[in-house]
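Asker: Okay, sequence plus prediction incoming.
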Amino acid sequence: MIQVIIGSLLLSVVHALIPNHWIPLVALGRSENWSKKELLIITAITGFAHTASTIIIGIFVGFLGYELSTRYFSIISVVAPTILIVLGIVYLIADFSGGHHHHHGHIKQRNNSSNISKLSIVVSLCVAMFFSPCIEIEVYYFNAGILGWTGIWIVSVIYLVVTVLGMVLLVDLGLRGAKKIRSHFLDHHEKMITGIVLIVLGIVAYFIEI
């Protein structure tokens, strides 16, 4: 149980800190002259849209993990952490190969204002975010699914709360002029950080029972 909570927190924090998730929102809010309150609300809405699709898919993935564990627990207890390690290695390879940026393809910065309505912008952002779920947390759902619905809901709640609140907090700090928050290393090596976290979680899962 503790392992699932810690793993979910680590992945969610890394996910929320990704610069591409919040810096474009700060730039967009400024270019559109949105008030701080408006931008923070829009950030929460788009963040919720992003996590909603991830959670929906994750529930199915977690349920699959649960169903398999009830029939083949001895196999799944090895397969689940192995999947985490393999995916972690894939992320490391992608980082070393030059695929440094977090490719959700959702938030794009607008360089100048237009006559597009605020509602159109928000809807477009929500749709883009909804259709760009995060793969790394989906795999962790499979691992947490061994705990059944308890594990699935733990991951879902932590991921939702940490991601949305994290994005709102970072956008708020961005509006305050905290430009140093933008980490060049994190911006270009998010895949490496995620890969290391997944590998560590996978290794721990081999020795500590969920």
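Answerer: Done, it's in.
Asker: ok, for F96, nearest residue in space, not its chain neighbours?
Answerer: In space, F96 comes closest to M192 once its chain neighbours are excluded; the distance is 7.6 Å by CB to CB, 6 or more residues apart in numbering. Glycine gets a C-beta too; all of them are placed from N, C-alpha and C.
Asker: Tell me how many other residues surround that neighbour.
Answerer: As a burial measure, M192 scores 19 neighbours (other CB atoms under 10 Å).
Asker: now do I196
Answerer: Other residues close to I196 by other CB under 10 Å number 17.
Asker: In terms of helices and strands, where is it?
Answerer: Using DSSP states H and E, I196 falls within helix 184-207.
Asker: State the distance from the nearest residue to K36 once chain neighbours are set aside to I6.
Answerer: Closest residue to K36 apart from its sequence neighbours, by CB to CB, 6+ apart: L175 at 5.7 Å. Per CB to CB, to the nearest Å, L175 is found 31 Å from I6.
Asker: Neighbour count: those two, which is higher?
Answerer: Ranked by neighbour count (other CB under 10 Å), L175 and I6 place L175 first, with 16 against 13.
Asker: any residues touching stretch 136-144, and which ones?
Answerer: Contacting residues not belonging to stretch 136-144 are listed as 4, 7-8, 11-12, 15, 54, 57-59, 61-62, 64-65, 80-81, 83-84, 87, 91, 151-152, 154-155, 159, 194, 198, 201, 205, 210 [CB atoms under 8 Å, 6 or more residues apart in numbering].
Asker: let's see 7 Å
Answerer: 4, 7-8, 11, 15, 54, 57-58, 61-62, 64-65, 80-81, 83-84, 87, 151-152, 154-155, 159, 194, 198, 205 (CB atoms under 7 Å, 6 or more residues apart in numbering).
Asker: Write a ChimeraX command that selects only the buried members of these.
Answerer: Provided next is the ChimeraX selection string for whichever of the contacts of stretch 136-144 are buried by 16 or more other CB atoms under 10 Å:
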select :4,7,8,11,15,54,57,58,61,62,65,80,81,83,84,87,151,152,154,155,159,194,198,205
